[in-house]
Structure formats: C-alpha cells, structure tokens
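**Student:** structure for this input, please:
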Amino acid sequence: MILFKTMVKFDYSKISSEDINSGKYVFKDVFAVYDYIKSKGWNIGWYAAPQFEIMELDKNNIVTSPLPMQPLYRGQNAFFEKCVPSLYRRNWTNLQTLERLVQIEDFKHILQDNPEIQDNIKGGLSINYNGLAQHYGIETNIIDLTNSFGVAAFFATTDYNQLDGSYRPVMEIIRKGVIYFLPMGIFGFGPTSKNQIWPIGMEALVRPGEQRGFGAYLNENQDFHALVGSRFFFWQNAKASIECQRRFGYGALLFPYDPMAEKVWNMRKYRIYGKDSIIKVVENNQELGYDTSDAIKALIDSGCVVTETTPYRYTVDEIKFITECYHKRYPGSFPE
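**Tutor:** Modelled structure (predicted):
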C-alpha cells in the first residue's frame, strides 16, 4: 500500500514530547502523526489482515485476542477535556439503567444462536459480551481501542451520522483531531481479573474483528486521559480524511455486512424487548428496586414493547450465511 506522503520530510527531533502531548504542537494531518510514530522506531503498519491468538489472560479467562497486543491506539475527531465511556456521559435513572441492561441481555440471547459463539463456548473461551455490545452502540463502561493505527485514523477523521449510521470524512480545516497512543498496550495494565484493557475483536462478530477491537474498562470516576501514554493532536484535512476513507473502502472494510448490526439498531429504535431478558436483569440487579411485574409495566409505560423473548433472533438464512463465512475462514476444519 502506498502511503499518503507529505512533500517535505520533517525533522521531528526539534519538537519536544511535552509540546506534542500538551497539544502545543499540532501535526499537519493524521498521516504526519503516523510518520512521527514510525520515526521514533516503532515498526507499525497501517492495517493488516486480522490475526487472532487464543490465550489465557487471567485465571479461567481464555480469550481470542487480536494481534499484536501493543501498541494500542484510539482515534477521535475532536478533543474533549474529559474522555469517559458512553455509560458515564449522562445521568441515568433506574428505569433507563434497566432498559440498557435489558438491551445487553437481549444481545446475549441473540448471540447464543451464532454457531461460532457456540463453538467458542464449547471450547472454553470467555465471551466479552459487554465489549461486543459496545461495538454495536449499546452504552457500556468501555472506551474503544484498536491495535491498528489505520483504524484509529479512520475514526479520527470521520463524523458519525446518527440518522443512517454512516461515517463521513471530516471536511473542516479548523478542527483538531487526536490520536491516543498506548505503547505498552494491554501489558501496561495487568492482566488481572480487574484488568482495565481486554480484547474485544473476536472473529465471531465481523465488525469488532475487522476493527481489531480492544476495550479499556473505566469506573465512574476515571478519565481515560489518566491512562494514556501519549496523545498526538493534528489538524483535520479534507484530503487526508478522504484518503483514510478510501483505504477502508469508504467504511465497507470496517463495517462489512453483519446481521447483528441491524438487529441492535432495530432493537434500540423500536424498543422491543424479551420478557425473559427482563426477568434475568431484575434478578441480577435488585438494587434497581424492581420486581418483574413492576419492571415490565415501567418499560411499557415508557414506550417499550415486551414480548416473550426478543423478536430479533437470527433467521435461518442469517444462520446459514454466518455458518458459510465461518467455515470459509477455516477450510478443512469442518465435516462436509
């Protein structure tokens, strides 16, 4: 792949790391950030074919992790004084918390029909349900990270359109984006049962895998800025933004067809939930103060629809499609 080149090779040795990390120095575009990191001896690529390895990160937690596990990145199209997970960006009522937890429980129910998830569970692998849910827009206590500079650059140079779920290149020239850089990656934080960074990019769901997903788990009082080794500010640039989009097929490579994406979109839009999920959430979250009948009534009164189980389970055709894709990734591993 031919990289987006600047016309003049810049001598970064004259710029202090303090000026860079504070934002006093701003790179001309996101590609200049890439060049700078490489100039510091990091043998990083832009984007490579997905690679995963099964490993035990903690006692009884065997996971499928994207490789490499260091360094890690996060790309944002603007800088915010506080960088916190989506769960902490608003004040939640008990009812709103209940609905969010029901969404995650319905998400889990849908995944139980996924043949690759089934094989992973049979093989003793841990399933990071919250991490996967984060990739589909459900609010969690997780900050998204990736092991691919290119993926971070894509999100740092695009704006998300909530109406159609698309990502469009940033066309402004007076906005600063930021790339966060964690040189030690997952190894800077554990691993322990309370490890703050865990792999998300399982192959069973295409989107997190293509995005080489990791997640930083934060509590309510934590700011992601306190965990970051370095951050690089850059000027948004229409040419650079379009080039980042082009390299990922204008988003198609990072967002391939995935039945789960549409299911979560519809579940959240139409607010249709399974009674079985509500029962489980009430049982496991008694601090919310609901019994099952009160929870169902409160959800219905707020505009939700409750059915016996989620109506968004995989269809026969979707299971066939998922199975075919799964088997193609591992030719010769399944009986004819």
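
**Student:** for stretch 252-261, what is the average pLDDT?
**Tutor:** Summarised as a single mean, pLDDT over stretch 252-261 is 90.

**Student:** kindly report the same for stretch 27-43.
**Tutor:** 94.

**Student:** tell me which residues in that stretch are buried?
**Tutor:** By 16 or more other CB atoms under 10 Å, the buried positions in stretch 27-43 come out as Phe27, Asp29, Val30, Phe31, Ala32, Val33, Tyr34, Asp35, Tyr36, Ile37. C-beta coordinates here come from the backbone N, C-alpha and C atoms, glycine included.

**Student:** which of those sits closest to Tyr167?
**Tutor:** Val30 (14.5 Å; CB to CB).

**Student:** surely the closest one and Lys176 touch.
**Tutor:** No - under the criterion of CB atoms under 8 Å, Val30 makes no contact with Lys176, lying 10.8 Å away.

**Student:** any common contacting residues for the two?
**Tutor:** Counting by CB atoms under 8 Å, 6 or more residues apart in numbering, the common neighbours of Val30 and Lys176 are Phe234.

**Student:** how far does the helix or strand hosting Arg268 sit from its chain's centre?
**Tutor:** If you go by DSSP states H and E, Arg268 is part of helix 259-270. On the basis of CA atoms, centre = their mean, to the nearest Å, helix 259-270 sits 16 Å off its chain's mean C-alpha point.

**Student:** in terms of secondary structure, what does that helix contact?
**Tutor:** For helix 259-270, the elements it packs on are helix 94-111, helix 316-329, judged by 3 or more CB pairs under 8 Å, 6 or more residues apart in numbering; DSSP states H and E.

**Student:** quick one: it to helix 94-111, angle?
**Tutor:** 150 degrees (axes from the mean of the first three to the mean of the last three CA atoms, to 10 degrees).

**Student:** what's the following helix or strand after helix 259-270?
**Tutor:** Counting by DSSP H and E, what follows helix 259-270 is strand 272-274.

**Student:** list the buried ones in whichever helix or strand comes after that following strand?
**Tutor:** The first helix or strand that comes after strand 272-274 along the chain, using DSSP H and E, is helix 275-284. Within helix 275-284, the residues scored as buried using 16+ other CB under 10 Å are Lys275, Ser277, Ile278, Ile279, Lys280, Val281, Val282.

**Student:** same question for stretch 174-185.
**Tutor:** Going by neighbour count (16+ other CB under 10 Å), the buried part of stretch 174-185 is Lys176, Gly177, Val178, Ile179, Tyr180, Phe181, Leu182, Gly185.

**Student:** again, but for stretch 224-238
**Tutor:** Under 16+ other CB under 10 Å, the buried positions of stretch 224-238 are Phe224, Leu227, Val228, Arg231, Phe232, Phe233, Phe234, Trp235, Gln236, Asn237.

**Student:** return the item of those having minimum pLDDT.
**Tutor:** Leu227 (79).
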